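> structure, please.
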Amino acid sequence: MKKRFLSLLCVLALCLGLLPVTALAVDAPATLYVGNNQVIVAETVTYWSTNDSGELTRVENATDASKDWTVRYNPNTATLTLSGATIKGGSDVVSIPYGSGIYAQGSSNQPVTLTIELIGENTITGTFGIYVNAEINASSYGTNATLTIMGDNNGSLEVSGSNNGIYVKSGTGNASLNIKDVAVTSSTNGDYAAGVCVQSGSDATSSPKLSLAVDGGSLTTSASEGNDGIQFYVGLSEATGATTSLTVSDNAIVRANGGIKASRVDEPTPSGTGIVFDGNKGTVYGSVELQKDLEIKSGETLTIPEGSTLNTNNNLTNNGTIVNTGGTLNGEPDGTGKIE
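Numbers count the residues shown, from 1 in each chain. You can find the predicted model right below:
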C-alpha cells in the first residue's frame, strides 16, 4: 500500500511538472505606477477604471471582454493597455512617483521594457507624462530602457508634462522609443524640457545607443519656446562612442516642433520611408504614400530629394513650399502654397 501511495505521488509530481507555467516577462518593470496606483499586483493581470480626475480604481472580476475597465496591465507580457483612458500624475516631482502619469522602473542590472497598447483616444498628463527609467539610484542601475507604444489604426495618445512629455532613460545601456501604427502627440511647457527625450543614464560609460523609431502612424512633439521637440541626451560627458538614430517606416510622419536636437552626441540623420519635420523643415525619405491628411503650413517647407517619391493620395494641403530637388511628386496638392 505504501509503495502504491509513493508511486501515485511520483506520478502526480511528474504531471504537475508537465503543466505549463506562466512566466513573467523577463524585462518587465519591477515598479509600474499609473496615476496614483501601482498596477503590478503579484503575477496577475489587473484591470482598472479611470475617473474624470484621472484617478484609478481597481475593477475586480473583470475580463478582457468586459466594458468596465479603461486600464489593463499584463505582467506576463509587460503590456499596459489603455482603452479610452484619462490618466493624471501629480503636479510636483515629490508626488507618487515623480509626478508621472505613467512611471516604469526596472531592477538592478536588468533591462526594463514597457509596451503601451492603445485602444481609442487616450490622454496622459503629469510632471512627466510617461517616464521609463532604468537608472534606479546613485548605487544601483539597470541596463537598457525601452518603451513601445502601439495599437490599432484608430488608437491615439495625447501626452503632456510640465517636465518632459515622454522620457526614456537607460541605466548602463541603451535607450529606445518605438511607435507603431498609432498617433502620438507629446508636449511640454517646462524649461529645459523636451516633448520627447531619449537619454542614456549617468552610468552608461561606453557606447550607449539612443534610438527613436516610428513605424506607421505619427509622432508630433512640441516644447516651450527655446526648447526641443525631440531631444537625444547622453547623461555622462565622459561616455564614448554614443550614437543616435531616428528611423521612419510604413509612411510614418514625424513632426518635431521646436526641432530635433542632441546633447553630448551627434544629431541623428533620419532614414527609412516616411516624412520627418525638423522644426519647420520637412524631408521625404524613400517612397511615401500619404495615408492621412498632411498640411504644409505657412512658413514650412517640404523637400523631396533625389531618389524620393511623394504620392499625395489626395491627402496633402500645401500652404507653405514644396521644394523638389530631383525627387518625384505624384498628385496635385490642395492649398495656396507654391512648388519650386
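
> quick one, what contacts residue 230?
With contact set as Cβ atoms under 8 Å, 6 or more residues apart in numbering, residue 230 has these partners: 194-196, 198, 212, 221, 246, 254, 256, 259-261. All C-beta atoms are positioned from the backbone trio N, CA, C, and that covers glycine.

> gap between the nearest residue in space to residue 186 that is not next to it in sequence and residue 177?
Spatially, and ignoring its direct neighbours in sequence, residue 186 is nearest to residue 165 (3.6 Å; Cβ to Cβ, 6 or more residues apart in numbering). Distance, residue 165 to residue 177, using Cβ to Cβ, to the nearest Å: 11 Å.

> same thing with residue 153?
20 Å.

> and residue 77, by the same measure?
Taking Cβ to Cβ, one finds residue 77 at 19 Å from residue 177.

> quick one, which of these two is more surrounded?
residue 177 (26 against 14; other Cβ atoms under 10 Å).

> show me what contacts that one?
Per Cβ under 8 Å, 6+ apart, neighbours of residue 177: 146-149, 166, 168, 196, 198, 211-213.

> make a markdown table from those residues and add neighbour count, distance to residue 114 and pLDDT to it.
A markdown table is the format used below for these (neighbours: other Cβ atoms under 10 Å; distance: Cβ to Cβ, whole Å; pLDDT from 0 to 100):
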| residue | neighbour count | distance to residue 114 | pLDDT |
| --- | --- | --- | --- |
| 146 | 24 | 7 | 98 |
| 147 | 23 | 6 | 98 |
| 148 | 19 | 7 | 98 |
| 149 | 28 | 9 | 98 |
| 166 | 32 | 11 | 98 |
| 168 | 30 | 9 | 98 |
| 196 | 32 | 15 | 98 |
| 198 | 31 | 14 | 98 |
| 211 | 19 | 16 | 98 |
| 212 | 26 | 16 | 98 |
| 213 | 18 | 15 | 98 |
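
> mind putting those residues in a markdown table, secondary structure included?
Shown next, in a markdown table, are those (DSSP: H, G, I helix; E, B strand; the rest coil):
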| residue | secondary structure |
| --- | --- |
| 146 | strand |
| 147 | strand |
| 148 | strand |
| 149 | strand |
| 166 | strand |
| 168 | strand |
| 196 | strand |
| 198 | strand |
| 211 | strand |
| 212 | strand |
| 213 | strand |
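
> can I get those residues in TSV including distance to residue 86?
As requested, those are exported to TSV (distance: Cβ to Cβ, whole Å):
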residue	distance to residue 86
146	25
147	20
148	22
149	17
166	17
168	22
196	21
198	26
211	30
212	26
213	27
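
> nearest to residue 126 among these?
residue 166 (11.1 Å; Cβ to Cβ).

> next up, the contacts around that closest one.
Going by Cβ under 8 Å, 6+ apart, residue 166 touches 129-130, 147, 159, 177, 184, 186, 195-197.

> by neighbours, which of the residues you listed wins?
Highest neighbour count within the contacts of residue 166, by other Cβ under 10 Å: residue 196, with 32 neighbours.

> okay, it and residue 237: tell me how far apart.
Per Cβ to Cβ, residue 196 is found 22 Å from residue 237.

> hang on, residue 252 packs against residue 274?
Yes - with contact defined as Cβ atoms under 8 Å, residue 252 and residue 274 form a contacting pair (3.9 Å).

> shared neighbours of those two, which are they?
Common neighbours of residue 252 and residue 274 (criterion: Cβ under 8 Å, 6+ apart): residue 214.

> can you count the residues close to residue 334?
15.

> just the pLDDT at it, thanks.
What the model reports for residue 334 is a pLDDT of 97.

> now distance to residue 59 too, for the contacts of residue 166, in a markdown table please.
Output for the contacts of residue 166, formatted as a markdown table (distance: Cβ to Cβ, whole Å):
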| residue | distance to residue 59 |
| --- | --- |
| 129 | 24 |
| 130 | 22 |
| 147 | 25 |
| 159 | 24 |
| 177 | 29 |
| 184 | 26 |
| 186 | 28 |
| 195 | 32 |
| 196 | 31 |
| 197 | 33 |
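
> flag every buried residue along the lengthiest strand in the chain.
Secondary structure of the chain per DSSP state E: the longest strand is strand 243-256. The neighbour-count check on strand 243-256 (16 or more other Cβ atoms under 10 Å) flags 244-256 as buried.

> with stretch 281-294 instead?
So, applying 16+ other Cβ under 10 Å, buried residues of stretch 281-294: 282-286, 288, 290-291, 294.

> which one of those is nearest residue 121?
Nearest to residue 121, judged by Cβ to Cβ, of the buried residues of stretch 281-294 is residue 291 at 18.3 Å.

> what segments of the stretch 1-150 of the chain are strands?
With strands called from DSSP state E, counting those that start in this stretch, the stretch 1-150 of the chain shows them at 31-34, 37-38, 46-50, 56-58, 71-74, 79-83, 86-88, 102-105, 112-119, 121-126, 130-133, 135-137, 140-141, 145-151.
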